[in-house]
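In: heads up, no residue letters with this:
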């Protein structure tokens, strides 16, 4: 597995600290996929914004269908996210 330098939740300040706080409020923790982008908070925020727009869009698939598709694709890719 690749080693990626990340900033731990307890060490995050400023913009990253706010992003981590939002992640904790939303999911109860900061998942590794979020921490993997911790050295580039603008990219992390853009990625999270895209994810939220796709997953919570009002048009097209229902939310549960989007989650199901994400789960199937992750399983096929052998990715636990």
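Out: Thanks, I have the structure now. Not measured: the values here are computed from a predicted model.

In: going forward, measure contacts between C-alpha atoms and count neighbours the same way
Out: Noted.

In: Just give the nearest non-adjacent residue to the residue nearest the centre of the chain, would you?
Out: Against the mean C-alpha coordinate of the chain, by Cα atoms, centre = their mean, the closest residue is residue 34 at 4.6 Å. Distance criterion Cα to Cα, 6 or more residues apart in numbering; nearest residue to residue 34, sequence neighbours excluded, is residue 44 at 7.0 Å.

In: now that neighbour: how far from residue 16?
Out: Distance of residue 44 to residue 16, given as Cα to Cα, to the nearest Å: 9 Å.

In: Identify the contacts common to those two.
Out: Common neighbours of residue 44 and residue 16, using Cα atoms under 8 Å, 6 or more residues apart in numbering, are residue 38.

In: Looking at these two, which is more packed in?
Out: Using other Cα atoms under 10 Å, the more surrounded residue of residue 44 and residue 16 is residue 16, with 22 against 19.

In: If we ignore the residues flanking it in sequence, what's nearest that one?
Out: Counting by Cα to Cα, 6+ apart, the residue nearest residue 16 is residue 41, at 5.7 Å.

In: number of nearby residues for that neighbour?
Out: Residue 41 has 17 neighbours, counted by other Cα under 10 Å.

In: For it, grab phi and psi.
Out: phi -50, psi -40 (degrees, to the nearest 10).

In: Helices of this protein, start to end?
Out: 14-27, 32-35, 41-55, 63-76 (DSSP state H).

In: average model confidence for the second one?
Out: It stands for helix 32-35. The average pLDDT for helix 32-35 rounds to 92.

In: Would you pull up how far it lies from the middle of the chain?
Out: Relative to the centre of its chain, helix 32-35 is centred 6 Å away, using Cα atoms, centre = their mean, to the nearest Å.

In: And the contacts of that helix?
Out: Helix 32-35 is contacted by residues 6, 7, 8, 44, 81 when judged by Cα under 8 Å, 6+ apart.
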